[in-house]
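Chemist: pasting the sequence and the predicted coordinates here, then a few questions.
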Amino acid sequence: MANERKTERIVRNHFEKYTDILIEEQKSDNPKIDKLLKNASKRGDRHGSPEFIISYNTKSEFIIVIECKADVRKHQSASLDKYAEYAVDGSLLYAAFLAKEFDVLAISVSGENLSELRISHFLHIKGEPKAIPYFGDVLLSPENYYEKYRKSPEKFNQEYSALLAYSKTLSDTLHSIKIKASQRSLLISGVLIALTDKGFAVSYKHHSPDVLAKLLVSTVVNQLKKANLSSNKIDNLENAYSFLRTHTALSTMEEVLSDLIQDIDKHINSFVKTYQYFDVLGQFYIEFLRYANSDKGLGIVLTPPHITELFCELTDLNKDSVVFDNCTGTGGFLISAMSKMVADAKGDNDKIRHIKEKQLIGVEYLDDIFALACSNMFIHEDGKTNIINGDCFDKIVIEQAKQYNPEVGFLNPPYKAKKTDIEELEFVINNLNALRPNGTCIAIVPMSCVLATKKGSKLETKRRILQKHTLEAVFSMPDELFFNSDVAVVTAVLVLTAHRPHPSSKQTFFGYFKDDGFVKRKNRGRIDALNKWENVKLQWVDSFRNRISKPGLSVTKVVRPEDEWCAEAYMDTDYSMLNEDHFKKVIRDYSSFLVRNDIIQDIDAIS
């Protein structure tokens, strides 16, 4: 006869050797947990009683609930609603109730011995409608569970949403005390840098406003000096942060600056520490622009983090790569590259130091954005990244970059707003020229750059590109990719091999990458709310690497400069995806178009 006590003994023996957790059985002494379980009965007639409830001594937001069954055939039902009979069903029921107040890991265990044991894990984030499968099929240590939970996409989405909500609150606060939109991200970066000084972190609340404002700037400068930045860079950065000393509200009004520092520490610094290689300052810059919109005329469009990550996947970055971005912005591409390269270094501290000091090269023209890029890299424990404050078309600047012999180029150039502005593809050529032979350049540019087929500067630039470099691929990107920046430009991604003329018979890969799985959410912008991005990214990268032609997704084609460089021009339609609903939608849209434009006055006239 099956004996559930044997299953419980296996689980108990696994967890009781750890000292940083509290293991409770059937019920909890925590009144909040006990109250939530009050209505979580598996049979609907009494208090819910899971086999184990595990809480952490120092991490109150996360708990583990475990349900056991002796018979492996009672591990999981098809309907997931047989709570009393199946381990998974029961653990998910308890998690659903507990997730009203906690982040919950539901563990389901069945089997009477280690050889037949079945284990399932589900993570249910507080406030979310359902749990998702996570971890694997073996029991881990409490420390591993917590670490993986903190780094899960679901927890990231929750905390990122909270961060964006705070950015709106912070923007309103800074607007009320008349801090310019262009200076708001600098204020955040200055505070984050100053908080890395332990003395400042413990003493800032005890200073008068004028003293604190001066101390903030001097602490930032001192921290940057410790990072061995050049004197020119430090002078530029000190000048960028100088407004903090003299701003009326920050330097004279009681508790305004100290309260800001406290809030930034609570809401932003903790996020930075958890998600180390994430362009937080860039995201705040985007959010501030959404409310103030002061830099549209400059053509500044910051690249979404999942796209900077995609670029790194497309190039197979490793610990020995040298990356160059001639339009650095806030440093998003360099931060993503740093993350992937550091991971490949596998804990080799000397190599990691070399990556940060010698293998990430950038150029940024605008002084305030340059300051953000430098401070952003410092926050990611890298004050020595070679970001050059200058014009990438300046021969001296580009020669400086060439000295590092970069093999990978990433860029999102300033988008042309006026006729006198530099064409986007000129920045692409500039990046290619700095790379070593056979290096890879990936750029995201307006779709108009690749569609040019008639006489004009864009067509001539396309011709110059193919004369010296190889067009490996072009991806048509989602129409609303830059929705969070409040910019409606439709874009394409170019993948090029440097200093190798494009062969006349070369098959270029074209990807119709219009659906990245992201959706728009009120007050949150365009986000990966449905957790589709990882699978989408894998499909895109696999299609490109293997040059897979698939109707509706991708195609290969021999092209010339005067051809359109986009998948839409050559790709076969995947008719298998069409259904009656698509037909009805087109008819409705067309009917609306006819009425809206007074082509017809009566909708019945269409039939």
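Modeler: Perfect, thanks for sending it.

Chemist: how does the chain divide into domains?
Modeler: Following automatic domain parsing, the chain resolves into domains at 4-150, 433-573, 577-606.

Chemist: quick check, residue 567 in contact with residue 551.
Modeler: No - contact criterion Cβ atoms under 8 Å: residue 567 and residue 551 do not qualify, at 11.1 Å. No exception for glycine: its C-beta is placed from N, CA and C like everyone else's.

Chemist: for this structure, what helix or strand is lowest in average pLDDT?
Modeler: Ranked by mean pLDDT, DSSP states H and E, the weakest helix or strand in the chain is helix 580-596, scoring a mean of 68.

Chemist: overlap in contacts of residue 567 and residue 551?
Modeler: By Cβ atoms under 8 Å, 6 or more residues apart in numbering, residue 567 and residue 551 have no common neighbours.

Chemist: so for these two, which residue has more residues nearby?
Modeler: For residue 567 versus residue 551, the count of surrounding residues by other Cβ atoms under 10 Å is larger for residue 567: 23 against 14.

Chemist: next up, the contacts around that one.
Modeler: 474, 475, 476, 510, 511, 512, 554, 555.

Chemist: can you pick the most crowded of these?
Modeler: residue 510 (28 neighbours).

Chemist: isn't it up against residue 557?
Modeler: Yes - under the criterion of Cβ under 8 Å, residue 510 makes contact with residue 557 at 6.2 Å.

Chemist: buried ones in stretch 482-499, by neighbour count?
Modeler: 482-485, 487, 489-498 (16 or more other Cβ atoms under 10 Å).

Chemist: between the residues you listed, which is closest to residue 449?
Modeler: Comparing the buried residues of stretch 482-499 against residue 449 with Cβ to Cβ places residue 492 closest, at 7.1 Å.

Chemist: packing partners of the host helix or strand of that closest one?
Modeler: Following DSSP states H and E, the helix or strand that holds residue 492 is strand 491-497. Where contact means 3 or more Cβ pairs under 8 Å, 6 or more residues apart in numbering; DSSP states H and E, strand 491-497 is packed against helix 424-434, strand 440-446, helix 447-451, strand 470-476.

Chemist: out of the ones you listed, which one sits most buried?
Modeler: Ranked by mean neighbour count under mean count of other Cβ atoms under 10 Å, the helices and strands packed on strand 491-497 are led by strand 440-446, which reaches a mean of 25.

Chemist: other residues contacting that one?
Modeler: 303, 307, 311, 314-315, 407-413, 415-416, 424-425, 427-428, 431-432, 435, 469, 472, 477, 489-498.

Chemist: quick check: angle from the strand holding residue 492 to strand 440-446?
Modeler: Following axes from the mean of the first three to the mean of the last three Cα atoms, to 10 degrees, one obtains 160 degrees for the angle between strand 491-497 and strand 440-446.

Chemist: what angle do whatever helix or strand comes next after strand 491-497 and strand 491-497 make?
Modeler: Beyond strand 491-497 on the C-terminal side, the first helix or strand identified by DSSP H and E is strand 508-512. Angle, strand 508-512 to strand 491-497, by the same axes, to 10 degrees: 160 degrees.

Chemist: now do strand 508-512: distance to the chain's middle.
Modeler: Centroid separation for strand 508-512 versus its chain: 24 Å, with Cα atoms, centre = their mean, to the nearest Å.

Chemist: cool, stretch 480-490 as well?
Modeler: 16 Å.

Chemist: start to end distance for it?
Modeler: One end of stretch 480-490 to the other measures 7 Å (Cα to Cα, to the nearest Å).

Chemist: before we move on, the earlier item: could you name every residue contacting both of residue 510 and residue 557?
Modeler: residue 570.

Chemist: for the record, mean pLDDT for the longest helix seen in the chain?
Modeler: Ranked by residue count and defined by DSSP state H, the top helix of the chain is helix 153-176. Average pLDDT, helix 153-176: 87.

Chemist: same question, stretch 374-394
Modeler: On average, the pLDDT along stretch 374-394 is 83.

Chemist: one step back: direction included, what does the strand holding residue 492 pair against?
Modeler: strand 440-446 (antiparallel), strand 470-476 (antiparallel) (DSSP bridges).

Chemist: can you lay out those strands as TSV showing mean pLDDT and distance to residue 94?
Modeler: Formatted as TSV, the strands paired with strand 491-497 follow (pLDDT from 0 to 100; distance: least, Cβ to Cβ, whole Å):
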stretch	mean pLDDT	distance to residue 94
strand 440-446	97	46
strand 470-476	98	44
